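Student: Give me a 3D structure for the following:
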Amino acid sequence: MSVITVQCVKMVTANMLLSFFFVSGVLADCPHHPALFITAPKNMEALNGSCLQIPCTFRAKSEVEFNSTSTTFVVWIKNNLDFGRYPNNVIFNSSKTVTTYPLSINGNLNQKNCTTLFSSVITSYTDTYYFRIENWPFVSTAVCDPLQITVKDSPPSPRIEISGDLKEKESVTITCSASTPCPHSPPKLTWNLQQDPHNTIEENTDRTFTTKIQESITLSDKHDGVTITCSATYPVDGGNYKTAEERKTLNIPYSPRNTSVVISPSDPVSVGSVVNLTCSCRGNPPVVNFVWFMITDGRLEMIKVDTQVYGFKVTNTDRGRVYYCGCRNDLDIQLSTGRQLIFEDDQQSESVSVEVVVKILGIIMLISTLVIFECWFRSRQSTKPVKESLHHCTKDPSNQSKDAGDAVYVNSTVMLQP
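Tutor: As a prediction, this is how the structure comes out:
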């Protein structure tokens, strides 16, 4: 076979393939020079039982062919452009000849605004839709701009976004947003950051809408591990609601905190026993290093590194020693407060001292009670005014023999032992 013959065969094959695509494929629906174009989202999602607003503007290939002063009708076609063979594919015609679906035109057609509202959608409305203009003598369909609508039973989950660095002491803005297919019936957003957050509706660049709530906070270690929960509640037909939820857990790096020394078994200890000192702290990321110090007779020395638990056998030389530990991560290091061992015999001595103090306090309280009672009793028995009786109780015991007797009685009370 000659080279020319091969080339001819290739050209014929290519022409056949192109003809096939033009007739049965995408190219058949989108000629090189369409007469009508629309600007609208390519894909839209709607909630079953809710409404859907389709932002739409249109333009004709030649402004001369479109007369904005004459009556313009809008036609929406689903699934197949050949509405001559499939007339039921015409779901809406603004001339009122067809209103199969609950559609209405919200835009001003004279300003080439074809924004359309589905007042109520159901799952069977999921399909591909085409826009058509009838402005005699200009009649055309936007074959190159199909719109895919998907109707779902469940609403989409809201989105949680955080602007700024997730670091301690940094100020960030947390935003929860939810798609709003129908701004006439927007969702209600709530979360666990505020009791009654202010909902705002914003228009996107493609003229769809989004409902948002925001909160600005300054991050601290208390926010680490906190889960933000945001809910979007959509109203649907019949006075019902459908809710979707999103969660996001914060990861806030922070230096070690609450560093302390924990002894096991707990105090008191005895000479010869084995104890474990554990360095306890918290931080994010997890602590990577531990270090142990002790002070003996005013001297500071490092005794252990890279271990969280320091164990040893107790001796008399451990009396009075003060132990410290340090926690370090990639951000900083923190030292604990000092920790001394409490020995059993030290605790017994301390208990004896406490018992003596309690006894002394008891004796003082008993004496005070007896003195007050005696003065009150004598004031009741005497015909003298109360002030004088009380004054009599406080006279110097050396002035009168009777008072001296009272003083002897009180002095004998001081000698009581519990």
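
Student: what's across from the most centrally placed residue in the chain in the sheet?
Tutor: What sits nearest the mean C-alpha location of the chain, by CA atoms, centre = their mean, is residue 228, with 1.7 Å. As for beta bridges, residue 228 partners with residue 248 under DSSP bridges.

Student: ranges for the strands of the stretch 51-200 of the chain?
Tutor: With DSSP state E, counting those that start in this stretch as the criterion, the stretch 51-200 of the chain has strands at 52-54, 57-60, 73-78, 90-93, 98-99, 103-105, 116-118, 127-135, 138-141, 147-152, 159-163, 171-180, 188-191, 200-203.

Student: For these, give me JSON lines that also has mean neighbour count, mean pLDDT and distance to residue 84.
Tutor: C-beta: built from backbone N, CA, C; applies to glycine. Shown next, in JSON lines, are these (neighbours: other CB atoms under 10 Å; pLDDT from 0 to 100; distance: least, CB to CB, whole Å):
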{"stretch": "strand 52-54", "mean neighbour count": "22", "mean pLDDT": "97", "distance to residue 84": "25"}
{"stretch": "strand 57-60", "mean neighbour count": "17", "mean pLDDT": "92", "distance to residue 84": "22"}
{"stretch": "strand 73-78", "mean neighbour count": "21", "mean pLDDT": "95", "distance to residue 84": "11"}
{"stretch": "strand 90-93", "mean neighbour count": "20", "mean pLDDT": "94", "distance to residue 84": "10"}
{"stretch": "strand 98-99", "mean neighbour count": "16", "mean pLDDT": "80", "distance to residue 84": "14"}
{"stretch": "strand 103-105", "mean neighbour count": "17", "mean pLDDT": "94", "distance to residue 84": "21"}
{"stretch": "strand 116-118", "mean neighbour count": "21", "mean pLDDT": "96", "distance to residue 84": "23"}
{"stretch": "strand 127-135", "mean neighbour count": "20", "mean pLDDT": "94", "distance to residue 84": "12"}
{"stretch": "strand 138-141", "mean neighbour count": "18", "mean pLDDT": "90", "distance to residue 84": "12"}
{"stretch": "strand 147-152", "mean neighbour count": "17", "mean pLDDT": "98", "distance to residue 84": "21"}
{"stretch": "strand 159-163", "mean neighbour count": "14", "mean pLDDT": "96", "distance to residue 84": "44"}
{"stretch": "strand 171-180", "mean neighbour count": "19", "mean pLDDT": "97", "distance to residue 84": "36"}
{"stretch": "strand 188-191", "mean neighbour count": "19", "mean pLDDT": "97", "distance to residue 84": "46"}
{"stretch": "strand 200-203", "mean neighbour count": "12", "mean pLDDT": "97", "distance to residue 84": "38"}
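
Student: okay if I get the ones you listed as CSV plus distance to residue 35?
Tutor: Shown next, in CSV, are those (distance: least, CB to CB, whole Å):
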stretch, distance to residue 35
strand 52-54, 21
strand 57-60, 6
strand 73-78, 14
strand 90-93, 19
strand 98-99, 22
strand 103-105, 20
strand 116-118, 20
strand 127-135, 9
strand 138-141, 4
strand 147-152, 18
strand 159-163, 39
strand 171-180, 33
strand 188-191, 43
strand 200-203, 29
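
Student: Out of those strands, the one nearest residue 215 is which?
Tutor: Closest to residue 215 of those, according to CB to CB: strand 171-180, at 5.1 Å.

Student: Pairing partners for that closest one, with directions?
Tutor: Applying DSSP bridges, one finds strand 171-180 paired with strand 159-163 (antiparallel), strand 209-218 (antiparallel).

Student: Outside of the first one itself, list whatever touches it.
Tutor: The list of residues contacting strand 159-163 from outside it, by CB atoms under 8 Å, 6 or more residues apart in numbering, reads 172-178, 228, 230, 246-248, 250.

Student: so how far is that strand from its chain's centroid?
Tutor: Relative to its chain's centre, strand 159-163 lies at 10 Å (CA atoms, centre = their mean, to the nearest Å).

Student: quick one on the thing from earlier: please identify which of the contacts of strand 159-163 is nearest to residue 240.
Tutor: residue 178 (17.5 Å).

Student: Show me the domain layout of this protein.
Tutor: Under automatic domain parsing, the residue ranges defining each domain of the chain are 1-25, 31-152, 159-249, 254-342, 355-414.
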